[in-house]
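[1] Just a sequence and a predicted model for now, questions to come.
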Amino acid sequence: MVKAVWKECVIAESEHVQEMDGYVYFPIASVREELLEPSARRSVCPSKGEARYFHILVGNDCNVDAAWRYPHPKPSAARIAEHIAFWRGVTVER
């Protein structure tokens, strides 16, 4: 089982992750969505499309823009559709 952890809190857990460009993408259904808050941040990747970001909220702590997903990835990144990745101190444990 692969887990995404921040502040000793498991944010996502799945056996069905996808890896792309050095990041691990978790299926949306495996993510504790109550810990995510949508962010206004957007970015564009030439090979994946537009990313939308989320803050991670654990207790009174907020990890700003620490999760992202590609709601409509380009065909070359179709395998990460409906997946979320993490960074900024979130560890991925195998």
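    Received it, and whenever you're ready, just let me know what you need.
[2] any idea of the pLDDT on the residue nearest to Arg88 when sequence neighbours are not counted?
    Nearest non-adjacent residue to Arg88, counting by C-beta to C-beta, 6 or more residues apart in numbering: Ala66, 4.1 Å away. Placement of C-beta: from N, CA and C, glycine included. Note on Ala66: pLDDT of 98.
[3] which ones are touching Ala66?
    Contacts for Ala66 were tallied using C-beta atoms under 8 Å, 6 or more residues apart in numbering; they are Trp6, Phe54, His55, Ile56, Phe86, Trp87, Arg88, Gly89, Val90.
[4] And it, which helix or strand is it part of?
    Ala66 belongs to strand 61-69 when assigned by DSSP states H and E.
[5] Next: Ala12.
    Taking DSSP H and E as the criterion, Ala12 maps to strand 9-14.
[6] Report all helices and strands that that strand contacts.
    strand 2-6, strand 23-27, strand 49-58, strand 83-86 (3 or more C-beta pairs under 8 Å, 6 or more residues apart in numbering; DSSP states H and E).
[7] Switch the ones you listed over to JSON lines; also include distance to His72.
    Putting those into JSON lines (distance: least, C-beta to C-beta, whole Å) gives the following:
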{"stretch": "strand 2-6", "distance to His72": "23"}
{"stretch": "strand 23-27", "distance to His72": "15"}
{"stretch": "strand 49-58", "distance to His72": "6"}
{"stretch": "strand 83-86", "distance to His72": "13"}
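[8] which stretches of this protein aren't confidently modelled?
    For the chain, no stretch has pLDDT under 70.
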